[in-house]
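A.B. asks: what follows is a predicted protein model with its sequence.
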Amino acid sequence: MISKYITDNGKLREVDEYMQGIWINLTAPSQDESLEIANRYNIDIADVRAALDDEEASRVDVQDDYVMVIFDIPTVEIRHNQEAYTTIPLGVIWTDEAIITICSVETPVLKYFLGGHLKDFTTKKQVRFTYQILYRTCALYQSYLRIIDRKRLEMEERMGGATENSDIINLHELESNLVYFDTSLRANRMIVDRLTRYSGIRKFPEDQELLDDVIVENLQAIEMTQIYRDILKGTRELMSTVIDNRLNNIMKLLAGITIIMAIPTIISGLFGMNVSPEWMPFAQTPYGFAIICGITLLVCIVVIFILKKKKML
């Protein structure tokens, strides 16, 4: 799908025609749509469709007629019937006449600009627009990282009760999300460094200040990812320890019950031996069966008391 926008007097509006200073947003474009843009602005068709490949590497490519920047942005997908986070490429190509964004899905990164939430935003300044997209990407990373941390806290609160298999799976999903984020953020850091070094890109003082903010926010997102990965690793170890401790308690309880149940079995086995009754205690005594049951019960109570004292029950 091809959408075209332009800013007039600080307001963004959608247009139908191609004009100077336009923003062209390609969302999952077809081959024909990609070819149309490539021919109009003299762009290699492979560069137009590069960002549609989920495995495309982040890079900056400076050509004679255009500059292409590809970096990873966070997105939400459904895994195991629940929301999970991953990263996908976003391509930004700017020429003398237009700036073009290409992505395989609709993303909150670009929706932020469509909603008119940013002041002093213009489609005619392609370099600044690119830096603003990068800045918004870093902010979205940080927002998703805080959501991941809140999910981790919810899991920790549930550890006091019964730990379900779903909690273990969810914890693994959160770890996977952080791995994707860490890899993509480090790749984006290299993109920002290259944008800083390239002399072929026109830079203005206000653009350089915005790029410095992007560098700071990207580093902060990397640090947050590393911190949350370490905390999540501790949470996983805590969950494993809690499960092992519960298993140990169950084994101790079962061992204690086995010891208690063994006492009546041993006594009944001794009194059930096929020997002469005259040699069997309480065999000729009135209420002998009741006495033996009482002794058995007393021994069981003593053993229960000892086991409780040793915290085996």
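C.D. replies: Happy to help now that I have it.
A.B. asks: low-confidence bits of the stretch 51-200 of the chain, can you list those?
C.D. replies: Counting by pLDDT under 70, the stretch 51-200 of the chain contains low-confidence residues at 80, 117, 160-165, 199-200.
A.B. asks: quick one: the strands in it, in order.
C.D. replies: With DSSP state E, counting those that start in this stretch applied, the stretch 51-200 of the chain shows strands at 59-62, 67-79, 82-94, 98-103, listed in chain order.
A.B. asks: now the second one against strand 98-103, angle please.
C.D. replies: What that stands for is strand 67-79. Using axes from the mean of the first three to the mean of the last three CA atoms, to 10 degrees, the inter-axis angle of strand 67-79 relative to strand 98-103 is 30 degrees.
A.B. asks: just checking: what are the partner strands of strand 67-79?
C.D. replies: Counting by DSSP bridges, the strands paired with strand 67-79 are strand 59-62 (antiparallel), strand 82-94 (antiparallel).
A.B. asks: most packed of these?
C.D. replies: Neighbour counts (mean count of other CB atoms under 10 Å) averaged over each of those peak at strand 82-94, with a mean of 20. To be clear about C-beta, it is placed using only N, CA and C from the backbone, and glycine gets the same treatment.
A.B. asks: sorry, back to before: now render the strands of the stretch 51-200 of the chain as a markdown table, adding distance to Cys293.
C.D. replies: What follows is the strands of the stretch 51-200 of the chain, written out as a markdown table (distance: least, CB to CB, whole Å):
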| stretch | distance to Cys293 |
| --- | --- |
| strand 59-62 | 84 |
| strand 67-79 | 60 |
| strand 82-94 | 57 |
| strand 98-103 | 80 |
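A.B. asks: out of those strands, nearest to Glu33?
C.D. replies: strand 98-103 (10.2 Å; CB to CB).
A.B. asks: could I get the contacting residues of the residue lying farthest from the centre of the chain?
C.D. replies: Distance from the C-alpha centroid of the chain peaks at Glu278, with 76.9 Å (CA atoms, centre = their mean). With contact taken as CB atoms under 8 Å, 6 or more residues apart in numbering, Glu278 is in contact with Gln284.
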